[in-house]
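Asks: can you look at this prediction? I've put the sequence above it.
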Amino acid sequence: MIRMVEPEDITELDEIEKASFTVPWTTDMLLSLCFPPNIGLIEEENGEILGYIGMDSVADEGQILTLATKDGARRRGVASHLLSEGERRLRSLGVKNVFLEVRVSNTAARKLYEKSGFTVVGKRKNYYVLPKEDALICRKELQ
């Protein structure tokens, strides 16, 4: 089941965030997923949060801000489900193009985004601080 992020979810999201990223989002950043213009979605099963996605949009452009899956739920399609539902919701807001940044070294995420129809359109040098690494800018046209 996919649903909107609620403030009471933040403690659990914080744990997933810290297990997933070298420089995790702060609690306040995660909390911002509960309020416009951000859109935060959770996939859960039997009350257990398996993963989440955070997005925003301005005019006809959207951005994937964060996407993470709980350790024990990886490689089960959770991220794909969240990405598809996120794109559907962005499309309903009139978004025509969605963008994201991904670490050059994050092969799993890059494969997911490529499989989902994203293409690399640029690079941000030293975008990530710890460890210092470039980001690929990816874009997908929503139809």
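Replies: That came through fine.

Asks: isn't there a strand covering Asp14?
Replies: No: Asp14 sits outside any strand when classified using DSSP: H, G, I helix; E, B strand; the rest coil, being helix.

Asks: mind listing what it touches?
Replies: The contact partners of Asp14, by C-beta atoms under 8 Å, 6 or more residues apart in numbering, come to 24, 27, 30. Yep, even glycine has a C-beta here, placed from its N, CA and C like the rest.

Asks: neighbours of the last one, how many?
Replies: Leu30 sits with 24 neighbouring residues when counted by other C-beta atoms under 10 Å.

Asks: just checking, what packs against the helix or strand containing it?
Replies: Under the criterion of DSSP states H and E, Leu30 resides in helix 27-31. In terms of contacts (3 or more C-beta pairs under 8 Å, 6 or more residues apart in numbering; DSSP states H and E), helix 27-31 is packed against helix 10-20.

Asks: for the helix it packs on, what is the average pLDDT?
Replies: Average pLDDT, helix 10-20: 96.

Asks: in it, what counts as buried?
Replies: By neighbour count, with 16 or more other C-beta atoms under 10 Å as the criterion, the buried positions of helix 10-20 are 10, 12-14, 16-17, 20.

Asks: give me the nearest residue to Trp25, chain neighbours excluded.
Replies: Glu17 (5.4 Å; C-beta to C-beta, 6 or more residues apart in numbering).

Asks: and Leu67, by the same measure?
Replies: Closest to Leu67 by C-beta to C-beta, 6+ apart is Ile53, at 4.7 Å.

Asks: next, name the residue at the spatial heart of the protein.
Replies: Leu67 (2.6 Å; C-alpha atoms, centre = their mean).

Asks: for it, report the pLDDT, please.
Replies: 97.
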